[in-house]
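In: prediction below, plus the sequence it came from.
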Amino acid sequence: MAKSLFVLCLVFVLATPSRAADPLVELGEQLFESETFDGNGRTCATCHVAAESFGVSPPGIAMLFAIDPLDPLFIAENDPALATLENPCLMRQGNQRALFLENIDGFASPPVFRASPHLLNIAHTAPYGQSGGVANLRDFSDAAIEQHFTQTMARSMGRDFRLPRLPELYALEAFMNSITFPTDGNFSLDRMIAYAVSQGADAAAIDRGRTLFFGDLAQCSRCHSGPVLATADGSLGTGTGNLAFDTGVVNLGANNNDGCFGGPGDPTIPLPAEAGGNREFSTPPLLGVANTAPFFHDHSAETLFDAVSFYASVTFLISPAGLSLPSPSAFSIADTFDIVAFLEAISVDPPPEPLVVPGLSPWSVRLLAALLLATPPVASVLRGRRRGKRSASGRGEAE
Ligand code: HEC
Ligand code: HEC
């Protein structure tokens, strides 16, 4: 009996979804949250905030500034040696776009300005970066450090920052790959919708929105299909996978005036259009999307309604991606509300499914597990695990 209860307890511990259950993931989380890589004080979490789905929004930046204007996020405003690391007007002043300076085309070329995207379900969206140019998350982490962590604009490796050691890169990658929405990693749309409806969402509107999303008028799923709605379904003849498109977002009204006076962000000059306005951007995943406003790579759509109605606009219809559709996308304002209802429903995080043990109610399983966790053999197994974790991170720091 004791043995079978022990097994039952282990099953419970292992079956409980937890981002930090794996020591590599836990180390990666520590690095992501607190490691500065001998740089200017920023960490990955400076711009990828857990409470904001691992992105950062304009209100989020305003709050961080109110709490501490000396936060390393604002280092370009506080350290004259890094005055050109960011454009503070595009980051938090002007029209409060929360855009960061990125040297996507190399440090010798003019920079571009992009939102810090959420990292939900990133495991399913390679290649990485909003123009999809980076093959894996280890290379992306190296590039992010060289871009954002440097102490001077010389970006001298070893002096201005250090790159992660290989185990640190794998840990960062493991942590990022553990960031899922819903939290338990079960991507069933039916389950998410059923839960949203149980919480009061409008089932009929969601159903209409879902049909439109996957149908021939709105045609969203041509680009947004697959488990996390980030992969092309192949119907455009451009292949499947997480593809990049030029949907014409750069031509949205919000980009005609960046709200910044003087310097590179003068309002008489629009936000610089990347690659002459012809850049293709990577298709983002949509599970959890309603929690990540504003939208698009340059935060040019404030609300989900704005982002969805964009696909019925002339700006999209005459873009290279719009013109590549078999027929022009067409849907009404009422349809837009329904598609938004669908996207909102798949942005509600259902509670993890309780462990089902035949013959026992979920509560008795939990109670048994709680009692058993206190028993010596189980407690020692768990203590052993924690010791293992501590020494793993300790080794990292000592190297
Ligand atoms: C100063 C802000 C800032 C910091 C610090 C920062 N990032 Fe980012 N991150 C961004 C921006 C802006 C982008 C968008 C870049 C692009 O469009 O390619 C981005 C994009 C990403 C992406 C690509 C997401 C996707 O959808 O493909 C990953 C992964 C990522 N960052 C990881 C990291 C890691 C790991 C660190 C720490 C080593 C880090 N970032 C530090 C601002 C930041
Ligand atoms: C031709 C491919 C394509 C089609 C069709 C398409 N999308 Fe997209 N979608 C994209 C790309 C590419 C982006 C990123 C654009 C950018 O950031 O510049 C995107 C971005 C989005 C975003 C913003 C997500 C974020 O995190 O900022 C939403 C919401 C969205 N699409 C919903 C839809 C809906 C709803 C439809 C159907 C009405 C649709 N898409 C049709 C390719 C497409």
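Out: Good, I have the coordinates. Ligands and ions are numbered 1, 2, ... in the order given.

In: helix or strand next in line after the one helix or strand residue 143 maps to, which one?
Out: Assigned by DSSP states H and E, residue 143 belongs to helix 137-148. Using DSSP H and E, the helix or strand that follows helix 137-148 in sequence is helix 166-177.

In: quick one: that following helix near ligand 1?
Out: Yes. Contact of helix 166-177 with ligand 1 (Cβ under 6 Å from any ligand atom) involves 172, 176. C-betas here are computed from N, CA, C, even on glycine.

In: which parts of that helix are buried?
Out: Using 16 or more other Cβ atoms under 10 Å as the test for burial, helix 166-177 gives 167, 168, 169, 170, 171, 172, 173, 174, 175, 176, 177.

In: how close does the fourth one get to ligand 2?
Out: Right, the one you point to is residue 170. For residue 170, the distance to ligand 2 (Cβ to the nearest ligand atom, to the nearest Å) stands at 27 Å.

In: next, residue 37: secondary structure please.
Out: Classification of residue 37 by DSSP: H, G, I helix; E, B strand; the rest coil places it in coil.

In: returning to what we had before: nearest to ligand 2, of the buried residues of helix 166-177?
Out: In terms of Cβ to the nearest ligand atom, no member of those lies closer to ligand 2 than residue 176, at 16.3 Å.

In: summarise which helices and strands the helix holding residue 143 is packed against.
Out: With contacts defined as 3 or more Cβ pairs under 8 Å, 6 or more residues apart in numbering; DSSP states H and E, the packing partners of helix 137-148 are helix 44-47, helix 166-177.

In: of all those, which lies closest to residue 72?
Out: Nearest to residue 72 among the helices and strands packed on helix 137-148 is helix 44-47 (5.9 Å), distances taken as Cβ to Cβ.

In: residues making contact with stretch 51-59?
Out: 47-49, 60, 64, 92, 96-98, 115-120, 179, 181, 288, 291-294, 299 (Cβ atoms under 8 Å, 6 or more residues apart in numbering).

In: what about it, average pLDDT?
Out: For stretch 51-59, mean pLDDT rounds to 98.

In: start and end of it, how far apart?
Out: Stretch 51-59 has an end-to-end distance of 12 Å (Cα to Cα, to the nearest Å).

In: what residues sit buried inside it?
Out: 52, 53, 54, 55, 56, 57, 58.

In: ok, now stretch 192-205?
Out: Under the neighbour-count criterion of 16+ other Cβ under 10 Å, stretch 192-205 has 192, 193, 195, 196, 197, 201, 202, 205 buried.

In: residues in contact with it: which ones?
Out: By Cβ under 8 Å, 6+ apart, stretch 192-205 touches 182, 206, 210, 287, 337-338, 341-342, 344-346, 348, 350-351.

In: please give the centre-to-centre distance between it and its chain.
Out: The chain centroid and the centroid of stretch 192-205 are separated by 24 Å, computed with Cα atoms, centre = their mean, to the nearest Å.

In: for stretch 308-317, same thing?
Out: On Cα atoms, centre = their mean, the centre of stretch 308-317 falls 24 Å from that of its chain.

In: again with stretch 270-279
Out: That offset, for stretch 270-279, works out to 23 Å (Cα atoms, centre = their mean).

In: what is the end-to-end distance of it?
Out: End-to-end span of stretch 270-279 (Cα to Cα): 16 Å.

In: show me what counts as buried in it.
Out: Of all the residues in stretch 270-279, those buried under the rule 16+ other Cβ under 10 Å are 270, 271, 272, 274, 279.

In: nearest to residue 132 among those residues?
Out: Using Cβ to Cβ, residue 279 is the member of the buried residues of stretch 270-279 that lies nearest residue 132, at 10.4 Å.

In: OK, contacts around the closest one?
Out: 131, 246, 250, 273.

In: give me the residues contacting the helix holding residue 143.
Out: If you take Cβ under 8 Å, 6+ apart as the criterion, helix 137-148 is touched by 37, 39, 42, 44, 46-47, 85, 100, 102-103, 122, 126, 128-129, 134, 155, 157, 161, 163-164, 169-170, 172-173, 176-177.

In: what does stretch 154-169 give?
Out: Stretch 154-169 has contacts (Cβ under 8 Å, 6+ apart) with 27, 31, 35, 37-40, 107, 138, 141-142, 145-146, 149-152, 172, 396, 399.

In: how about the helices in the stretch 251-399 of the chain?
Out: Secondary structure of the stretch 251-399 of the chain (DSSP state H, counting those that start in this stretch): helices located at 304-309, 314-317, 320-323, 333-345, 362-373, 376-398.

In: comparing these by mean pLDDT, which bottoms out?
Out: helix 376-398 (a mean of 40).

In: just to revisit the earlier point, same list (the buried residues of helix 166-177) but as a markdown table, adding pLDDT.
Out: Listed next are these as a markdown table, based on pLDDT from 0 to 100:
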| residue | pLDDT |
| --- | --- |
| 167 | 98 |
| 168 | 98 |
| 169 | 98 |
| 170 | 98 |
| 171 | 98 |
| 172 | 98 |
| 173 | 98 |
| 174 | 98 |
| 175 | 98 |
| 176 | 98 |
| 177 | 98 |
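
In: I'd say residue 234 and residue 240 touch.
Out: Yes. Look at residue 234 against residue 240 with Cβ atoms under 8 Å: they come within range, at 4.6 Å.

In: any residues of the stretch 1-150 of the chain in contact with ligand 1? List them.
Out: 42, 44, 46-48, 100, 102, 114, 116-117, 119, 122, 125, 128-130, 137, 140-141, 144-145, 148.

In: cool, thanks, talk later.
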